[in-house]
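> My questions are about this predicted structure, shown below with the sequence.
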Amino acid sequence: MKDLCLAIVLAPLVGAIAAGLFGRALGRSGAHWITILSVGFSFAGSCLVFRDIVFSGVEPLNVVVYTWLVSGGVPFQIGFLIDQLTITMMTVVTFVSWMVHIYTIGYMHDDPGYQRFFSYISLFTFSMLMLVMANNFVQLFFGWEAVGVVSYLLIGFWFKRDSAIYANLKAFLVNRVGDFGFLLGIAAVLTYFGTLDYAQVFAKAPSLASTEITLWAGHDWSLLSVICLCLFVGAMGKSAQVPLHVWLPDSMEGPTPISALIHAATMVTAGIFMVARMSPLFELSTTALSVVLVIGSITTFFMGLLGLVQHDIKRVIAYSTLSQLGYMTVALGASAYAAAIFHLFTHAFFKALLFLAAGSVIIGMHHEQDMRKMGGLRRYMPITWITSVIGTLALTGFPGTAGFFSKDAIIEAVKLSHTPGAALGYWACLIGVFITSLYSFRLLFLVFHGRERMDHHTQEHLHESPAVVWIPLVALAIPSIVAGLIAAGPMLFDGYFGGSIVVHAEHNVLEHLGKHFHGAWAFVGHGFTQAPFWLAFAGAASAWFLYLHRPELPARIAGAFKPIHRILENKYGFDAFNDWFFAGGARGTGGVLWRWGDAGVIDGFLINGSAKMVAWCADAARQIQSGYLYHYAFAMILGLLALLGIFVHGVFA
């Protein structure tokens, strides 16, 4: 299994190198075939390992591939931990990435950076696999930073656009804030545990549960709370939790395939996975769990509201990602780690589906993304429409779809939780169901139904996307329907994750919830009687009334609640504050340092000042060198008198 795992993670790297360095020689078809085959191989290999771990009962693999270096007696290693949690992530990442690779052939067909794009997305897959397969914090950090670097390259792929450069810099800098906290957490682990190996850290954690450290005089903190909170700051950056969420909507500046890959299976899921992996640590800190739960609750509710006022089709889906990541984070805070990973699992399928369907619409609309210029596309793009309906139903949690099982499980689990902040999490998730349904069906109705609002030229050329685009949509639509029915029982209640996730008895809300679980179909029937279904139905009905039956009402409502609408349009002022405080503050500080430091002290005093002093001294010396003999004789007499004066003073003093 070790050799197979090594091949799984290295195959996308080989494809990335081949397409990136030899893309011109390989040509466009050669670049996409080698990357598609390499990622397809990784998916097939992941399925084999999945079979061995999940169905054949093979023991989880924890192996060191090689030791990079040893410093201070601490080995820095590359290794694999392949258990139920890891193989679930590997399968999701490789499958979604494979679909995105195939879809990219159609979407990026005419782009001059075709080979470069395939190289980047294959490298992205390699980076994410290194992250999820790690058995130590060093490799975790390598994968963590690698996905950040590749996301920078992909978001700014169209680097001639100022907006793309702004977006990738924003993503990079915001993630540096989170990664600084993440690195502090890893440093604390090394300092107090003396190792960076997961198994050793987790085994030693209970013995340090009561250890306190002094961060500043007079204030003692729980060591594990500090470590977990620092690690979670990293997760806030990668998984876009408030206030480090601001980069994710702007990542829409990248091509649609990478939007699907980032939002569904790679970068934004890294933080959720990391917290679940660190469950043996988080379970020992109620403070950390409470912070996680509250941050997730705020993200779920407030980011969902922003989806209601967006007009760009991709940005609506982006804000839905923020809200759904909030659901996962709430589940983590409630110690329902399995529910969080289950929602990550189902969300990967229907969110990739929605993004790729949006890309299909954008192709048909000649790269128009404003939903106000669409409408009635159902008759022109039937496959895109039906797959979008499936994705929307899954996102809103319609009973029977994949999203229903995972979202309802989170809501019920947080309702049973006693972690401080659980009540806030429950109501945020419950109201979030209505908001999600409202903005999701708003998108569906504005794009595919109602009157046609596109220009005549676009209307004449509208048609369904080519097969290379819609086949991945169909492939993703299938698990968006059936994945929940198949996996709900095992993942949530039947111990699917085994020892890869640790939950203490007093926090085990899913165990209590499982006592009332009587099969997937009974869960579906029960779902029709619960508040989430009726809230989702109310959201869909409201969207129909506002955007199909009375389409003039939204503008009137926005006018009646203009202050609130302005706050939502301004995204609560986060971007304005960041531009003013961080970007503007950095520029202002730089200006002051330039004027008073560089120009004033360094240039003005040290460099230019010393140069002026030398010039003044040289000018004075030049005046003495007149060339007249009597001037030199006079100077010699003055010097002799001075020496005599010093001598006389020394004798008679």
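Perfect, thanks for sending it. Numbering: from 1, shown residues only.

> Give me the neighbour count for residue 4.
When neighbours are defined as other CB atoms under 10 Å, residue 4 has 14 of them. For glycine as for every other residue, the C-beta is placed from the backbone atoms N, C-alpha and C.

> longest strand in this protein, by residue count?
The longest strand of the chain (DSSP state E) is strand 61-71.

> three-state assignment of residue 529?
Following DSSP: H, G, I helix; E, B strand; the rest coil, residue 529 is assigned to coil.

> what's the residue nearest to residue 194 when sequence neighbours are not counted sitting at in phi/psi?
Nearest residue to residue 194 in three dimensions, chain neighbours excluded: residue 74, at 7.0 Å (CB to CB, 6 or more residues apart in numbering). As for residue 74, its main-chain torsions (degrees, to the nearest 10) stand at phi -100, psi 120.

> buried ones in stretch 46-56?
Neighbour-count burial for stretch 46-56 flags 46, 49, 50, 52, 53, 54 (criterion: 16 or more other CB atoms under 10 Å).

> Downstream of the longest strand of the chain, the next helix or strand is which one?
Remark: after strand 61-71, the chain's next helix or strand is strand 74-82, criterion DSSP states H and E.

> and that following strand with strand 61-71, angle?
What separates the directions of strand 74-82 and strand 61-71 is an angle of 160 degrees, with axes from the mean of the first three to the mean of the last three CA atoms, to 10 degrees.

> State the mean pLDDT of the next helix or strand after strand 74-82.
Per DSSP H and E, the first helix or strand lying C-terminal to strand 74-82 is helix 84-107. Helix 84-107 comes out with an average pLDDT of 94.

> between helix 84-107 and strand 61-71, how many degrees?
90 degrees.

> Quick one: the buried residues of stretch 46-56 as a markdown table, columns for distance to residue 29, pLDDT and secondary structure too.
What follows is these, written out as a markdown table (distance: CB to CB, whole Å; pLDDT from 0 to 100; DSSP: H, G, I helix; E, B strand; the rest coil):
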| residue | distance to residue 29 | pLDDT | secondary structure |
| --- | --- | --- | --- |
| 46 | 26 | 95 | helix |
| 49 | 30 | 95 | helix |
| 50 | 31 | 94 | helix |
| 52 | 35 | 92 | helix |
| 53 | 36 | 92 | helix |
| 54 | 36 | 90 | helix |
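
> what's the closest non-adjacent residue to the residue nearest the centre of the chain?
Closest to where the C-alpha atoms of the chain average out (CA atoms, centre = their mean) is residue 268, at 2.9 Å. In space, and not counting its chain neighbours, residue 268 is closest to residue 239: 5.2 Å by CB to CB, 6+ apart.

> any idea how far the one you found lies from residue 448?
As for residue 239, its distance to residue 448 is 30 Å (criterion: CB to CB, to the nearest Å).

> so who does residue 573 touch?
By CB atoms under 8 Å, 6 or more residues apart in numbering, the contact list for residue 573 reads residue 567.

> what does the one 3 residues further on give?
Residue 576 is in contact with residue 570, counting by CB under 8 Å, 6+ apart.

> tell me which element it falls in.
In the assignment (DSSP H and E), residue 576 maps to helix 574-577.

> what's the answer for residue 399, then?
Residue 399 belongs to no helix or strand, assigned by DSSP H and E.

> Distance of it relative to residue 413?
With distances taken as CB to CB, residue 399 is found 18 Å from residue 413.

> who's more crowded, those two?
Between residue 399 and residue 413, counted using other CB under 10 Å, the more crowded position is residue 413 (27 against 20).

> Spatially nearest residue to that one, not counting backbone neighbours?
Leaving aside its sequence neighbours, residue 413 sits nearest to residue 336 (CB to CB, 6+ apart; 3.9 Å).

> So residue 80 is in contact with residue 66, correct?
No. Applying CB atoms under 8 Å, one finds residue 80 not in contact with residue 66, separated by 11.4 Å.

> related to what we said a few turns ago, looks like the residue nearest to residue 194 contacts residue 195 (just checking).
Yes. Using CB under 8 Å, residue 74 makes contact with residue 195 at a distance of 6.7 Å.

> the more surrounded of these two?
Regarding residue 74 and residue 195, a neighbour count based on other CB under 10 Å identifies residue 195 as having more, with 17 against 14.

> List the residues that contact the more buried one.
Going by CB under 8 Å, 6+ apart, residue 195 touches 74, 201, 204.

> just those now: which is nearest residue 626?
Distance to residue 626 across the contacts of residue 195 (CB to CB) is lowest for residue 74, with 73.3 Å.

> Show me what that closest one bridges to in the sheet.
Listed by DSSP bridges, the beta-bridge partners for residue 74 are residue 71.

> Please give me every residue in contact with it.
For residue 74, the contact set (CB under 8 Å, 6+ apart) comprises 190, 194, 195, 196.

> for the protein, which spans come out with low pLDDT?
Residues of the chain that meet the criterion pLDDT under 70 lie in 582-586, 594, 599, 651-653.
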